[in-house]
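[1] Sharing a model that was predicted from the sequence below.
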Amino acid sequence: MSDRVHPAPQPVSTEIASSAAARCNAWYTAFGTAVYRYIRFHVDSADEAEDVTADTFLRVLESGDRYDPERAEARVWVFTIARNVLRDHFRRAKVRKHVTLSAMRDLATGAPSPEERLVREEQIERLLHGVRRLNDSDRELISLRYGSELGFAKIGEVLGMREGTVRTRLWRALARLRKHLEADPA
């Protein structure tokens with residue numbers, strides 16, 4: 001043990017803490033569903049997606065004082081944190097970045113009849129199977145665009161690319177997905 005004396009932690013102002021919590025709460029309300037759907041494209045279960053989403057907003061709360069609105073819009077900042085939390089999650093768990101078909105039941109929309117629900121689940125399974133066959137960067141683009149419904153400019157900010165590059169890469173990723181789906185007919 002060191003003889004060095006460590007200074008006592010400084011108390012955080014309750015006003016600052018409450019404003020950070022209020023801001024985090026507002027961001028969760030605004031972006032929570034989109035962050036969950038983005039993460040859900042990458043993990044095996046809804047429970048795992050909920051955990052990673054919770055970890056994301058915990059990190060948002062912990063680092064809220066470092067948010068600079070001049071550097072990035074709040075949505076972009078939150079999604080950048082979500083990407084980093086997801087990477088950390090995979091590093092810790094050493095999990096492959098694809099989704100099992102049986103775990104995707106929560107993405108199917110409720111249908112009026114069991115037959116329609118089954119058809120919808122089969123379509124989702126087929127689509128996700130095609131998405132799993134894509135490389136990581138293609139899956140990332142597709143999940144940000146269609147899972148989180150981010151626009152091209154926001155995706156560019158999250159990934160550090162120009163908007164035109166995002167459009168081109170997404171268009172090519174969708175073409176590769178289309179080839180996979182055509183090669184594997186239902």
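    Perfect, I can see it now. Numbering: from 1, shown residues only.

[2] Report the distance from the strand or helix carrying residue 80 to the chain centre.
    Taking DSSP states H and E as the definition, one finds residue 80 inside helix 74-93. On the basis of C-alpha atoms, centre = their mean, to the nearest Å, helix 74-93 is displaced by 7 Å from the centre of the chain it belongs to.

[3] in that helix, what counts as buried?
    When neighbours are counted by 16 or more other C-beta atoms under 10 Å, the buried residues of helix 74-93 are found to be 75, 76, 77, 78, 79, 81, 82, 83, 85, 86, 89. In short, each C-beta sits where N, CA and C put it, glycine included.

[4] Packing partners of that helix?
    The criterion is 3 or more C-beta pairs under 8 Å, 6 or more residues apart in numbering; DSSP states H and E, and the helices and strands that helix 74-93 contacts are helix 14-40, helix 46-62, helix 152-159.

[5] by contact count, what packs against the helix or strand that it is followed by?
    Sequence-wise, the next helix or strand downstream of helix 74-93 (DSSP H and E) is helix 114-132. On a contact count with 3+ C-beta pairs under 8 Å, 6+ apart, helix 114-132 meets helix 136-142, helix 163-183.

[6] Helix or strand with the lowest mean pLDDT in this structure?
    helix 114-132 (a mean of 79; mean pLDDT, DSSP states H and E).

[7] For it, C-alpha coordinates in PDB please.
    Included here for helix 114-132 are C-alpha records, laid out as PDB according to Å, rounded to 0.1, in the frame of the first residue of the first chain:
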ATOM      1  CA  PRO A 114     -51.500 -16.900 -36.300                       C
ATOM      2  CA  GLU A 115     -51.000 -17.700 -40.000                       C
ATOM      3  CA  GLU A 116     -50.100 -14.000 -40.800                       C
ATOM      4  CA  ARG A 117     -47.800 -13.900 -37.800                       C
ATOM      5  CA  LEU A 118     -46.100 -17.100 -39.000                       C
ATOM      6  CA  VAL A 119     -45.600 -15.700 -42.500                       C
ATOM      7  CA  ARG A 120     -44.200 -12.400 -41.000                       C
ATOM      8  CA  GLU A 121     -41.800 -14.300 -38.800                       C
ATOM      9  CA  GLU A 122     -40.600 -16.400 -41.700                       C
ATOM     10  CA  GLN A 123     -40.000 -13.200 -43.700                       C
ATOM     11  CA  ILE A 124     -38.100 -11.600 -40.800                       C
ATOM     12  CA  GLU A 125     -36.000 -14.800 -40.400                       C
ATOM     13  CA  ARG A 126     -35.200 -14.800 -44.100                       C
ATOM     14  CA  LEU A 127     -34.200 -11.200 -44.000                       C
ATOM     15  CA  LEU A 128     -32.100 -11.500 -40.800                       C
ATOM     16  CA  HIS A 129     -30.400 -14.600 -42.300                       C
ATOM     17  CA  GLY A 130     -29.400 -12.500 -45.300                       C
ATOM     18  CA  VAL A 131     -28.200  -9.700 -43.000                       C
ATOM     19  CA  ARG A 132     -26.100 -12.100 -41.000                       C
END
